[in-house]
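J.: using only what follows, build the 3D model:
(chains A and B)
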Protein chains: 2
Amino acid sequence: MRVVTLAGGTGAAKLLRGLAACVPQRDLTVIGNTGDDTEIWGLHVSPDLDTVIYALAGTLDAERGWGLADETFQCLRAMAAYGADTWFNLGDRDLATHLTRTRALRDGQSLSLVTARLAAALGVAARILPMSDDPVRTMIRTPGGRLTFQEYFVREKALVDVVGVDYEGATAAQPAPGVLDAIRTADLVVVCPSNPVTSVGPILAVPGIVDALSATAAPVVGVSPIVGGAAVRGPAAALMRTRGLPISPLGVASAYRPWLRRLLIDRSDLACVTELERLGVQTDLAEIVMKSREHETELARRVLERR
Amino acid sequence: MRVVTLAGGTGAAKLLRGLAACVPQRDLTVIGNTGDDTEIWGLHVSPDLDTVIYALAGTLDAERGWGLADETFQCLRAMAAYGADTWFNLGDRDLATHLTRTRALRDGQSLSLVTARLAAALGVAARILPMSDDPVRTMIRTPGGRLTFQEYFVREKALVDVVGVDYEGATAAQPAPGVLDAIRTADLVVVCPSNPVTSVGPILAVPGIVDALSATAAPVVGVSPIVGGAAVRGPAAALMRTRGLPISPLGVASAYRPWLRRLLIDRSDLACVTELERLGVQTDLAEIVMKSREHETELARRVLERR
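T.: Just a heads-up that it's a prediction; the model follows:
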């Protein structure tokens, strides 16, 4: 069974670990968000791709939800002494990923190619595809000016008002090699419980991907990142508001219409079921807040079983 | 008293620490070798400049003679997992130096400027000047092909035969801003006990520097890196042989004629004195192998006292 997932960072990482516990990694394809890629200290950082790779390699720091477990930050401290920005925490071992990627990109390799190489080196058998090899940058419009997603989310801790969100470069971007084919030939497409606006949104903004999702014969199943009127984690609520989406599973379903067939929502959102069905989206009630590895696997099983 | 030094790496670092114990750092100018600069993992590394800066900052690893004390190597291990070359040991905190320099150079800053910034950030008051802002690369010709100096010295551990040495780019290079003026207006010029062929040689290959050394009113004083027919450390002997230089203080004096006024040699090389004087070089007998901090200071005092 070929399972194709659209993935952001932390929430996706949890569900992907669960899916990898249920199906062989080689049958798993991840289409990862690169809208929050950024340059730190002159290095190209792909936070969402790395989170996914580390999660599937079993080396993601489970508590933080980003970076490597048992990480050290010696270089970061030394960078601080040189007056560099240190709001983005790059760990010493994590740096190897960014150094390798940056060098490969400078040498003219595609992001797809170096992503595959990094994943393989860490023993990840799943296919990790960036949504595009072309630069797409999620820009957050605030009353004080435009911020990259990392500036907004990490540096400003998502505490500034958001006026709008743009996917810079998206209209000119092409899906990375394999992305459209993976969706077309999938047996199941899973939209991970990621932020619909800044994690899944940039993927959908790449021309051709929504068409492929609409055309695929595979059921497209989502897991809501919203529970009881609030995001499980992160700034999804504020960002959905700027898009006029209700902060509920209904907002998630609206963002993924008309190609979303089924949405797993939390039992506490039972009240949404009727309206979701009216939108043409089947619903499954589940415990969707993944608090343990067992929980991740259980939710993945739920996603997989009702194809 | 303005003291200007021509400096390579480890040997220079010791004498510079000694000099800094005798004169205020702000009166000290270091003209550093950049012939063994190299690119590691896509980063611009200036090994000799860094050794000098770390030595004067008091953070050089005294035992190894390169890199930072109490360094960790987490990134290096992670790079190995990605299949990167790891024969050049970049430590986690050391990486901050290379990241900062690389980014500045890519942004169009000169090597001089970023070197000054790095030194200042580490509290080094001495003026550290690269010999040139233009790329000069010391290439080692071997029977098996050409190697950069670091490939020869670190990767091959100086165990391959050397046919010749070239300073690639030297004829087109200009001395970095301040280099010629520093020599011209010095009260004393010190040639550190560095390899005459691959540490001091590249500095002398930059057009204008030998002329400035010949023209300066300041005495030019050297410390021999050769004791009793062998280099104190490193591959100086093999490299001097390719230049037809005798492996003795005489070879050192020959490499620095006619502008070297005085050479400190080891007491064990007493037999060289007559011939050195015949070459027009005054000699001082001293214990020139610096085995302790006190020793470094004592040797520096000897260099300074007999101007």
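J.: contacts and neighbour counts: CA atoms only from here.
T.: OK.
J.: any idea how far residue A:14 lies from chain B?
T.: 24 Å (CA to the nearest CA, to the nearest Å).
J.: is it correct that that residue is in contact with residue A:296?
T.: Yes. If you go by CA atoms under 8 Å, residue A:14 and residue A:296 touch, sitting 6.0 Å apart.
J.: for stretch A:174-181, measure first residue to last.
T.: 13 Å (CA to CA, to the nearest Å).
J.: list the buried ones in it?
T.: A:174, A:175, A:176, A:178, A:179, A:180 (16 or more other CA atoms under 10 Å in any protein chain shown).
J.: nearest to chain B within the stretch 201-307 of chain A, name that residue for me.
T.: Residue nearest to chain B within the stretch 201-307 of chain A (CA to the nearest CA): residue A:293, separated by 25.9 Å.
J.: which SSE is residue A:112 in?
T.: Using DSSP states H and E, residue A:112 sits within helix A:111-121.
J.: ok, back up a step: what about the buried residues of stretch A:174-181, which are in helices?
T.: A:179, A:180 (DSSP state H).
J.: quick one: which of the buried residues of stretch A:174-181 is nearest chain B?
T.: residue A:176 (22.7 Å).
J.: wait, the closest one touches residue A:131, no?
T.: Yes. Shown here, residue A:176 and residue A:131 form a contact pair, counting by CA under 8 Å, at 5.7 Å.
J.: starting at the chain centroid, how far to the lowest-mean-pLDDT helix or strand in chain A?
T.: For chain A, counting by mean pLDDT, DSSP states H and E, strand A:230-231 ranks last in confidence among helices and strands (a mean of 84). Computed by CA atoms, centre = their mean, to the nearest Å, the chain-centroid distance of strand A:230-231 equals 16 Å.
J.: quick one: strands adjacent to it?
T.: strand A:226-227 (antiparallel) (DSSP bridges).
J.: contacts for the partner strand?
T.: A:232, A:247, A:248, A:249, A:252, A:265, A:266, A:268, A:269 (CA atoms under 8 Å, 6 or more residues apart in numbering or on different chains).
J.: and these, which two are the farthest apart?
T.: By the measure CA to CA, A:252 and A:268 form the most distant pair in the contacts of strand A:226-227, at 15.6 Å.
J.: more neighbours: these two, which one.
T.: For residue A:252 versus residue A:268, the count of surrounding residues by other CA atoms under 10 Å in any protein chain shown is larger for residue A:252: 26 against 14.
J.: figure out the helix or strand that residue A:77 lives in.
T.: helix A:74-81.
J.: centre of the chain versus that helix, how much separation?
T.: 29 Å.
J.: residues of that helix that come out buried?
T.: A:74, A:75, A:76, A:77, A:78, A:79.
J.: tabulate these (TSV), appending pLDDT and distance to chain B.
T.: Formatted as TSV, the buried residues of helix A:74-81 follow (pLDDT from 0 to 100; distance: CA to the nearest CA, whole Å):
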residue	pLDDT	distance to chain B
A:74	98	6
A:75	98	4
A:76	98	7
A:77	97	8
A:78	97	5
A:79	98	5
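J.: can you put those in a markdown table and add distance to residue B:42?
T.: Listed next are the buried residues of helix A:74-81 as a markdown table, based on distance: CA to CA, whole Å:
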| residue | distance to residue B:42 |
| --- | --- |
| A:74 | 20 |
| A:75 | 17 |
| A:76 | 18 |
| A:77 | 21 |
| A:78 | 19 |
| A:79 | 18 |
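J.: right, and residue A:262 touches residue A:218 too?
T.: No. Using CA under 8 Å, residue A:262 makes no contact with residue A:218, being 11.5 Å away.
J.: now the strands for chain A?
T.: Counting by DSSP state E, chain A has strands at residues A:3-7, A:28-32, A:38-40, A:43-45, A:127-130, A:137-142, A:145-148, A:164-168, A:188-191, A:220-223, A:226-227, A:230-231, A:262-266, A:282-286.
J.: can you put the ones you listed in TSV and add mean neighbour count and distance to residue B:141?
T.: Listed next are these as TSV, based on neighbours: other CA atoms under 10 Å in any protein chain shown; distance: least, CA to CA, whole Å:
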stretch	mean neighbour count	distance to residue B:141
strand A:3-7	27	52
strand A:28-32	27	47
strand A:38-40	17	38
strand A:43-45	20	34
strand A:127-130	26	44
strand A:137-142	21	47
strand A:145-148	16	49
strand A:164-168	19	50
strand A:188-191	26	58
strand A:220-223	26	62
strand A:226-227	24	65
strand A:230-231	18	63
strand A:262-266	24	67
strand A:282-286	18	69
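J.: I'd like to know how far residue A:201 sits from residue A:256.
T.: Distance from residue A:201 to residue A:256, by CA to CA: 9 Å.
J.: can you check residue A:47 too?
T.: 23 Å.
J.: can you check residue A:278 too?
T.: Residue A:278 is 14 Å from residue A:256, by CA to CA.
J.: quick one: which of these two has more around it?
T.: residue A:256 (22 against 9).
J.: which residues in chain A form helices?
T.: Using DSSP H, helices in chain A cover A:10-22, A:47-57, A:74-81, A:92-106, A:111-121, A:149-150, A:179-184, A:201-205, A:209-215, A:236-242, A:249-255, A:273-278, A:293-305.
J.: could you tell me the least trusted of those helices?
T.: When the helices of chain A are compared by mean pLDDT, helix A:236-242 comes last with a mean of 91.
J.: give me the residues contacting that helix.
T.: A:162-165, A:195-198, A:230-231, A:246-247, A:251.
J.: same question, stretch A:179-190
T.: By CA under 8 Å, 6+ apart, stretch A:179-190 touches A:1-6, A:29, A:31, A:129, A:131, A:208-209, A:212-213, A:215-223, A:303-304, A:307.
J.: pull the distance from it to the chain's centre.
T.: 16 Å.
J.: repeat that for stretch A:133-144.
T.: That offset, for stretch A:133-144, works out to 16 Å (CA atoms, centre = their mean).
J.: same question for stretch A:157-173.
T.: The answer for stretch A:157-173 is 15 Å, by CA atoms, centre = their mean.
J.: what's the span of that stretch from first residue to last?
T.: By CA to CA, one end of stretch A:157-173 lies 29 Å from the other end.
J.: quick check: mean pLDDT of that stretch?
T.: For stretch A:157-173, the per-residue pLDDT averages 96.
J.: can you list the buried residues in that stretch?
T.: For stretch A:157-173, by 16+ other CA under 10 Å, it's A:158, A:162, A:163, A:164, A:165, A:166, A:167, A:168, A:169, A:170, A:173.
J.: retrieve the pLDDT associated with residue A:229.
T.: 84.
J.: and if you look at residue A:233?
T.: pLDDT, read off for residue A:233, is 82.
J.: Provide the backbone phi and psi angles at it.
T.: phi -160, psi 140 (degrees, to the nearest 10).
J.: got a list of what it touches?
T.: residue A:225.
J.: 7 Å instead, please
T.: Counting by CA atoms under 7 Å, 6 or more residues apart in numbering or on different chains, residue A:233 makes contact with nothing.
J.: relative to residue A:289, how far out is it?
T.: 10 Å.
J.: could you do residue A:186 as well?
T.: For residue A:186, the distance to residue A:289 - CA to CA - is 26 Å.
J.: who has more neighbours out of those two?
T.: The neighbour count for residue A:186 versus residue A:289, taken as other CA under 10 Å, is higher for residue A:186 (23 against 20).
J.: and for that one, nearest residue in space, chain neighbours not counted?
T.: Leaving aside its chain neighbours, residue A:186 sits nearest to residue A:2 (5.2 Å; criterion: CA to CA, 6 or more residues apart in numbering or on different chains).
J.: does any bit of stretch A:113-127 sit next to chain B?
T.: Yes. Using CA under 7 Å from any CA of the partner chain, stretch A:113-127 reaches chain B at A:118, A:121.
J.: quick one: distance of that stretch to the chain centre.
T.: With CA atoms, centre = their mean, you get 17 Å for stretch A:113-127.
J.: repeat for stretch A:78-90
T.: Worked out by CA atoms, centre = their mean, stretch A:78-90 lies 26 Å from the chain centre.
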